[in-house]
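Visitor: sequence plus predicted model, see below.
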Amino acid sequence: MKATPPIELNCAMEWEPIAAAEGQPTLPRFRMVAYTGSPMRVGGWRYPLVVDLAGLSIPSQARPIRLGHDAALGVGHTDTIRVEAGRLVATGIISRDTASAREVVASSRNGFPWQASIGASVEEAEFIKENQTLKVNGQEFIGPLNVVRKATLGEISFVDLGADGHTSAYVAAIQPLEEVSVEKTETETQPVVVPPVVAAPATPPVVASAAAAVVPDISAQIRAQAATEMERINAIRKICAGKHSELEAQAIRDNWDTNRCELEILRANRPQPPAIVVTHQPEVSALTLEAACAISGKLNGLEKHFDEAALNAADKRFHGRFGLQDLLLEAAWANGYTGRNFRDSREVLRHAFARKIEAAVSSIDIGGILSNVANKFLLEGFYSVEQTWRNICSIRPVTDFKTVTSYRLIGKDQYEKVAPGGELKNGTLGQESFSNKADTYGLMLSIDRRDIINDDLGAITLVPRKLGRGSGSKLNDVFWTAFLNNAAFFVAGNKNFLAGVDTALSIDGLTKAEVAFMEQVDGDGKPIGVMPAILLVPPALSAMSSQLNKALEIRDTTANQKYPIANPHQGKYRSEVSRYLSNAVYPGNSTKAWFLLSEPTDLAVIEVAFLNGQESPTIETAEADFNVLGVQMRGYHDFGVALQDPRGGVKSKGEV
């Protein structure tokens, strides 16, 4: 996992003139309000972000002070870092002898409003859902927003512009105000301090003659200063023109000149950059991203597909709000993409599907993630359709698409008595054979650019579900078409077909089918030795099938005979129902015909062959061709269906 990138919080800063200790060199000191604890808009984060100061780790009180987060531009160091009233406050010394340090001090003397920016690494973040409230840094906030619960402070930098709307910059003089001395007599000197309302040069010293001291007119000086101040205030009000009341008040209070006031108004009118610069949150594992997709897509049986650790990590990171863009951005970032959003969708897709970008090997295979997620939803769709076919057929794995043939051992298939000497006699392989062949069925769907721009995660959840249902429906279609095409399979000549009024499903009808099944013989005319086990019926006969299977007795409700009849078939046969048997679309359908079948593992009437034993469909995902903006998905399934041994079942027509 790559190292967590730092966050930079651009906030306002204050200076304060703190005197040096006696006997020590006088070095400028500063006081910074680095963060106010309020929400900020951050590139790469969808919602506002708040840094929980209670979880901010401060490795030491002495942290480096830089200019613009550049390690080569040192300025000084802190000696105190603390949280005061929900704000991060730092004081320290301009202790570096560098051009950057001299620039900071000189610019401050000139009235430049330096601001501060802290560099910190994010270790743990929490998402607060919409309309949820929480209290952080002594303030109450309403979601949706992100809260950085754990972070480590790295360094603090001077910056020329921040975007924390909850703070303001205050810069005071670094050196103490100059004093003006007035000699009243030869033995008494009274200092007079110039009021700090005018940034006027220091009053020149008074020169006294040998005869007497000349006392300057202090009242005249004060009146002159007041007049100058009124001129400054009027000029500021004229510049602000009643449109910037807060700036006007600050300019008057902080003794700005007209140039400074005009500059600040220009800054206030231009667009503000983000308050925090973040690349993206720490990289997550491919399994966590798959779990996030499954949670957001509401996959059934999540615990069957993911362990508890993966589900917890996905929920903690994304809180169930995970879109297609989130998935593609995570993969793109892992492949070296430096953008913060999905604005350049082509570039995001290029990086997301690239295995190697600028020599950085991806730890997230987006194709693998999409395929794994899609396969889970595909299987959910595949198994959502009728599965009766699976309960009445045998399944054979095949290795290619060639026709495969199986033979039945007949004739000399019984054991012979071994003569003295131990010689065994040879059996013979008869000519009864059954064939099958697998074919490929498939479909391609695309996630187009609109799905990606709309952040529609359903494109990788609903689309695979549809592909899965499509595969399941196609398998049922091929299977039941072959099963119902049995006019030459269930015939009187095979002794597996019964017709007449006494073949309707009932105790008598089932008894007749049972006798017919038990009388089946092999090529030598001997019993096949296989027992019936499955009662296959259409929906119209489902109730009667269930009654024959479960009821201990069945009441005769004819007019002359109203007494119970014991059910001799109770618990004998497993009931299977298929809607395809009576569907009018399929030739050979009937609402009255029913079947008595053996277990397919003993003697199957029908077989399904799967290529390489793959019983479920496969889905593959890739970036679309050059002329298509999006992602393509293809689902395919290799299988074949064929009728096998007619002695494995009996069909009752159920009517004349």
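Guide: On my side now, so go ahead.

Visitor: list of residues touching stretch 490-502?
Guide: 508-509, 512-513, 516-517, 519-520, 646-647, 649-653, 655-656 (Cβ atoms under 8 Å, 6 or more residues apart in numbering). Placement of C-beta: from N, CA and C, glycine included.

Visitor: what mean pLDDT does that stretch get?
Guide: For stretch 490-502, mean pLDDT rounds to 92.

Visitor: and that stretch, what's buried?
Guide: F490, N496, F497, L498 (16 or more other Cβ atoms under 10 Å).

Visitor: that older thread, quick check on the contacts of stretch 490-502: which are buried?
Guide: 509, 512-513, 516-517, 520, 646-647, 649-653.

Visitor: of those residues, which belong to helices?
Guide: The helices in this structure, assigned by DSSP state H, contain G509, K512, A513, A516, F517 from those.

Visitor: quick check: the first one touching G654?
Guide: Yes: using Cβ atoms under 8 Å, G509 makes contact with G654 at a distance of 7.4 Å.

Visitor: shared neighbours of those two, which are they?
Guide: Common contact partners of G509 and G654 (Cβ under 8 Å, 6+ apart): T503.

Visitor: quick one, helices of the stretch 351-500 of the chain?
Guide: 366-382, 388-392, 449-453, 462-484 (DSSP state H, counting those that start in this stretch).

Visitor: list the contacts of the second one.
Guide: Spelled out, it's helix 388-392. Helix 388-392 is contacted from outside by 475-476, 479-480, 483, 534, 536, 574, 576-578, 580, 597, 600, 605-606, 608, using Cβ under 8 Å, 6+ apart.

Visitor: low-confidence stretches in the stretch 501-650 of the chain?
Guide: Within the stretch 501-650 of the chain, the segments meeting pLDDT under 70 span 555-564, 621-631.

Visitor: what mean pLDDT does stretch 295-306 have?
Guide: 83.

Visitor: quick revisit: CSV for the helices of the stretch 351-500 of the chain, including mean pLDDT, distance to A227 and mean neighbour count?
Guide: Output for the helices of the stretch 351-500 of the chain, formatted as CSV (pLDDT from 0 to 100; distance: least, Cβ to Cβ, whole Å; neighbours: other Cβ atoms under 10 Å):
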stretch, mean pLDDT, distance to A227, mean neighbour count
helix 366-382, 79, 72, 23
helix 388-392, 93, 100, 18
helix 449-453, 68, 64, 16
helix 462-484, 89, 77, 21
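
Visitor: and of the ones you listed, who's closest to G55?
Guide: helix 366-382 (31.0 Å; Cβ to Cβ).

Visitor: helices or strands up against that closest one?
Guide: helix 286-296, helix 324-334, helix 462-484, strand 618-623, strand 630-643 (3 or more Cβ pairs under 8 Å, 6 or more residues apart in numbering; DSSP states H and E).

Visitor: D439 is nearest to which of the ones you listed?
Guide: strand 630-643 (5.7 Å).

Visitor: which neighbours does that closest one have in its sheet, and in what orientation?
Guide: Note on strand 630-643: by DSSP bridges, its sheet partners are strand 439-448 (antiparallel), strand 606-611 (antiparallel), strand 618-623 (antiparallel).

Visitor: just these: most buried one?
Guide: strand 606-611 (a mean of 21; mean count of other Cβ atoms under 10 Å).

Visitor: contacts for that one?
Guide: Here strand 606-611 has contacts from 389, 392-401, 404, 434, 436-438, 475, 479, 482-483, 600, 638-644, using Cβ under 8 Å, 6+ apart.

Visitor: chain center to it, what's the gap?
Guide: A distance of 38 Å separates the centroid of the chain from that of strand 606-611, by Cα atoms, centre = their mean, to the nearest Å.

Visitor: for stretch 605-618, same thing?
Guide: With Cα atoms, centre = their mean, you get 34 Å for stretch 605-618.

Visitor: end-to-end on it?
Guide: Length of stretch 605-618, first residue to last, Cα to Cα, to the nearest Å: 27 Å.

Visitor: stretch 510-528 too?
Guide: Length of stretch 510-528, first residue to last, Cα to Cα: 20 Å.

Visitor: give me the contact list for that stretch.
Guide: 410-411, 430, 432, 495-496, 498, 502-503, 530-532, 535, 548, 568-569, 596, 598, 603, 647, 649-650, 652.

Visitor: could you chop the protein up by domain?
Guide: The chain breaks down into these domains under automatic domain parsing: 1-175+223-277, 278-380, 492-606+644-652.

Visitor: how distant is the last one from the center of its chain?
Guide: Its chain's C-alpha centre and that of domain 492-606+644-652 lie 52 Å apart, by Cα atoms, centre = their mean.

Visitor: over to the second one?
Guide: Using Cα atoms, centre = their mean, the mean C-alpha position of domain 278-380 is found 6 Å from that of the whole chain.

Visitor: quick one: low-confidence ranges for the stretch 1-150 of the chain?
Guide: 1-25, 42-45.

Visitor: can you show me the helices along it?
Guide: Secondary structure of the stretch 1-150 of the chain (DSSP H, counting those that start in this stretch): helices at 99-109.

Visitor: now do the strands in it.
Guide: Ranges of strands in the stretch 1-150 of the chain, per DSSP state E, counting those that start in this stretch, are 6-12, 29-35, 49-51, 56-57, 64-67, 70-84, 87-93, 115-128, 133-136, 139-142, 145-159.

Visitor: still on that earlier bit, mind checking which of the helices and strands packed on helix 366-382 is nearest S108?
Guide: helix 324-334 (39.0 Å).

Visitor: the closest one versus helix 366-382: what angle between them?
Guide: 150 degrees (axes from the mean of the first three to the mean of the last three Cα atoms, to 10 degrees).

Visitor: so L27 makes contact with G92?
Guide: No: counting by Cβ under 8 Å, L27 stays clear of G92, with 10.0 Å between them.

Visitor: these two: which is more packed in?
Guide: It is G92, of L27 and G92, that has more neighbours when counted by other Cβ atoms under 10 Å, with 24 against 13.

Visitor: list the contacts of the closest residue to that one other than its chain neighbours.
Guide: Excluding the flanking residues, the one nearest G92 by Cβ to Cβ, 6 or more residues apart in numbering is T78, at 3.7 Å. Shown in contact with T78 (Cβ under 8 Å, 6+ apart): Q61, A62, R63, I65, A90, T91, G92, I156.

Visitor: let's see that with 10 Å instead.
Guide: When contacts are counted by Cβ atoms under 10 Å, 6 or more residues apart in numbering, T78 touches 30, 32, 34, 58, 60-65, 90-93, 95, 153, 155-156.

Visitor: from those, list just the buried residues.
Guide: 30, 32, 34, 58, 63-65, 90-93, 95, 153, 155-156.

Visitor: how about F377, nearest residue that isn't a chain neighbour?
Guide: Excluding the flanking residues, the one nearest F377 by Cβ to Cβ, 6+ apart is P464, at 4.0 Å.

Visitor: ok, the one you found to E416 distance?
Guide: For P464, the distance to E416 equals 57 Å [Cβ to Cβ, to the nearest Å].

Visitor: and if you look at K129?
Guide: K129 is 79 Å from E416, by Cβ to Cβ.

Visitor: still on that earlier bit, only the buried subset of the contacts of strand 606-611, as a ChimeraX command please.
Guide: Of these, the buried ones go into a single ChimeraX selection, burial set by 16+ other Cβ under 10 Å:
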select :389,392,393,394,396,398,404,436,437,438,475,479,482,483,600,638,639,640,641,642,643,644
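
Visitor: buried stuff in stretch 126-142?
Guide: Buried residues in stretch 126-142, counted by 16+ other Cβ under 10 Å: E126, F127, I128, V136, N137, F141.

Visitor: partner residues bridging the first one?
Guide: Going by DSSP bridges, E126 is paired in beta bridges with V147.
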